[in-house]
Every structure is written in structure tokens, then in C-alpha cells.
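> Quick one, what's the 3D model for this:
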Amino acid sequence: MRRTKIGLAFVASLLPALTTGLPAFAEEPSTAEQTIDVMNKLFGKHPGLRANHAKGVVAEGSFTPSPEGAKLSKASLFQGPPVPVTIRFSDATGVPTIADGAANANPHGMALKFKLADGSEMDVVVNALKYFPVATGEEFRDLLRAAAESGPDAAHPTALERFAASHPAAATAGKTAKTPSSFARQTYNGVNAFIFVDKDGKRQPFRFRFVPADGEEILTPEEAAKRGPNYLMDEIGPRIAREPARFRVLAQLAEPGDPTNDATKPWPDDRKTVDLGTLTVTKAVADSATAEKALLFMPNALTDGIEVSDDPLIDARVQAYAVSFSRRSQ
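Have a look, this model is predicted:
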């Protein structure tokens, strides 16, 4: 039998004709897309709004650095005069009508966009949790899926109960966030680790913490239930119109051996904290609903002198925020 050699180039030339009309195979959605999909399943789709922390209010203020920050980082944020800051306070979940005092509105969040002297911006995203329920984006997606499968009629142990059994922090993290009397009276924690880099190249892992100057004021569940459904959103504007709300901006410094790649593991309370400066919240924006639609806060939007750590959750958050933003912008 005579055999004929067929060159690869010839085969390649036939592919367009051979494949014309064949069905295209869709790519598997990314973890971030799957995460936003399950959020939409849990909380519903609300055009123009965030998939999570949908209900919020935008304010303006400034950050005044302390001398201590400049010793830890070469970032311009700590070197010069005060810089303007845009702040968004928010309730948890993707339900835009959630009552501010509801248990599921915890953890409340605070996102900040610092307007640096060179015209660039730096973002910080914090919330009231002392640590996160999971360590990776994949685990967060799976946690949400488990919650979606664990309705009131689900058999026990539910998917959520099974997930919590194998992820201890998922069962306890939510209990660390409590309902405040005001957005201005809550402590907001950075659950992810970042890295300070000083002028000599020395690197220091840290986590942000924003502590209200007037102290934290937490309501009991019974007290929170008596408040109006929008009491946090309605209270913050008049409060800061009377007197600015101030937060001490702190950095909790890691010691050798402290994990920087696992947001479920808080560092010991005896770790040194450094006062980086003061956040002053001075006024609510005139049209918060319009302002927040254009705002995107990205945990990796940093500046020279502050870097991301090896925490995989940082990139997971960035990817999910980008998906959510693209959908609410459609």
C-alpha cells in the first residue's frame, strides 16, 4: 500500500473549512465570575449596584500623616501634607434595601480612595471583621455556594454546616463584627496583609486598622432592631456636618513567623501597632447614589512604598470587584 505524507501546514490550511459550523466550546467561568454569579443568586440582581455591599453612602475627608509612617514606608502618603480622601461606608450583602441594624448587614465596610500629591490614587478596603472566614477566592466561592444551598428547608447537616465543620474560621469570623450606633463609631480592620517598604528597602508586613477617635459604640441586637432601617445611612451626614468624624489609622506590624498569606489567622493582640496618622471625615457628598456608581476600590491599587503580600485573597478580591464593576456598569 502506498503511503502519502501530509505536511502539518497542509492540515492547518484545512482547519477553517473543517471546523466551520461546529459549535464553539465556552470557556469555564473564572472563580471571580462564579463568585459574583452565586452572590447574584443569594441576593438577587440589582442593576447598577454592587454584587456585595450594595447599600452604602459616600463621604469626603482628608488624611493627615504622622511622623511614624514615614519611618516605615517611603510612600508619599506619609511624607507630605494632608491629602483628600473619598470614603464609602456600607452594609454587607448585595441587598440594597437591607436594614442597617440587621444581623446580615454585618460586617459593615469602609472603602477609601486617597488622592495623592502626584495625581495618582491609592485604595484601602477594610471592614469590621477581625479576620476573614476563608483564605482563598475558591474557598469564598464555595462558602457562598454552601450558603445558597442551605435554605430553611435544607436537610441537616446543611451544606453550610458541613463547610463550617471543615473551615473553622467560617463558623466564627462573622461573630467578630457587631452593629454600631454610627459608621463613625466602628473599628474597621484590614484582614489582608500588605508590605511597607522604606527608603532603604527594608520590608515590614502589616495590616491596617481604623479606630474611631470617639471610641467604638456597639448596639445590642435588641437595640439595633429598634433603629430605623436606614439609621446608619441617615445619621452619618448630619453627624459630620456638626463635627468631623476622626479615625486613628493604625498599622499592626507582623513579627517573624506571623502568617501573611492567610486572612483567617489574626495576629496576636500584643503585636506592635504604629499610628500612621488621622483620617478626618468632613462631609457627605451631595448625590451619594450617583457618586458611588463611578467608584471602584481595588485592594491592589497602591503606591510606591506599599506592596501586596503573598495573601492570595487580595488578588481574588481584585478579580471579583472587577467582575462586579463591569456588570453594574452595563
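> Now do the helix or strand hosting residue 322, average pLDDT.
For residue 322, the enclosing helix or strand under DSSP states H and E is helix 312-328. Throughout helix 312-328, pLDDT has a mean value of 97.
> Could you do stretch 42-50 as well?
Mean predicted lDDT for stretch 42-50 stands at 96.
> for stretch 85-100, same thing?
Here the average pLDDT along stretch 85-100 is 98.
> swap in stretch 261-269?
pLDDT averaged over stretch 261-269 gives 98.
> Any chance you could give me it in PDB, C-alpha atoms only?
Output in PDB follows, covering the C-alpha atoms of stretch 261-269 (Å, rounded to 0.1, in the frame of the first residue of the first chain):
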ATOM      1  CA  ASN A 261      -0.900  34.500  53.400                       C
ATOM      2  CA  ASP A 262      -3.900  33.500  55.400                       C
ATOM      3  CA  ALA A 263      -6.600  36.100  56.300                       C
ATOM      4  CA  THR A 264      -8.300  33.600  58.600                       C
ATOM      5  CA  LYS A 265      -5.400  33.900  61.100                       C
ATOM      6  CA  PRO A 266      -5.300  37.200  63.000                       C
ATOM      7  CA  TRP A 267      -2.000  38.100  64.500                       C
ATOM      8  CA  PRO A 268      -1.700  38.200  68.300                       C
ATOM      9  CA  ASP A 269      -3.100  41.300  70.100                       C
END
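> All the helices of the stretch 1-150 of the chain, residue numbers only.
8-19, 31-43, 67-72, 137-148 (DSSP state H, counting those that start in this stretch).
> and of those helices, who's closest to residue 304?
Closest approach to residue 304 among those is made by helix 67-72 (13.4 Å; Cβ to Cβ). (C-beta placed from N, C-alpha, C; glycine too.)
> Show me what counts as buried in the closest one.
Under the neighbour-count criterion of 16 or more other Cβ atoms under 10 Å, helix 67-72 has 69-70, 72 buried.
> ok, those vs residue 178, which is closest?
Nearest member of the buried residues of helix 67-72 to residue 178, counting by Cβ to Cβ, is residue 69, at 28.6 Å.
> Quick one: residues contacting the closest one.
75, 77-78, 251, 274, 276-277 (Cβ atoms under 8 Å, 6 or more residues apart in numbering).
> Residue 40 now?
Residue 40 neighbours (Cβ under 8 Å, 6+ apart): 51, 94.
> ok, residue 323 touching residue 37?
No: applying Cβ atoms under 8 Å as the test, residue 323 and residue 37 come out as separate, 9.0 Å apart.
> For those two, indicate the residue with more neighbours.
residue 323 (21 against 17; other Cβ atoms under 10 Å).
> how close does that one sit to residue 129?
Look at residue 323 and residue 129: by Cβ to Cβ, to the nearest Å, they are 22 Å apart.
> And residue 305, by the same measure?
Where residue 129 is concerned, residue 305 sits at a distance of 26 Å (Cβ to Cβ).
> These two - which one has more neighbours?
Taking other Cβ under 10 Å, residue 305 and residue 129 do not tie; residue 129 has more neighbours (24 against 21).
> Show me where the stretch 151-300 of the chain has its helices.
159-166, 168-172, 221-226, 231-242, 288-293.
> So for residue 208, which of the ones you listed sits nearest?
So among these, helix 168-172 is nearest, using Cβ to Cβ, at 19.3 Å.
> Give me the contact list for that closest one.
131-135, 143, 163-165, 264-265.
> Generate a PyMOL selection restricted to the buried entries among the residues you listed.
To isolate the buried members of these in PyMOL, using 16+ other Cβ under 10 Å:
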select buried, resi 131+132+133+134+135+143+163+164+264
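> Right, I'll call it a day here.
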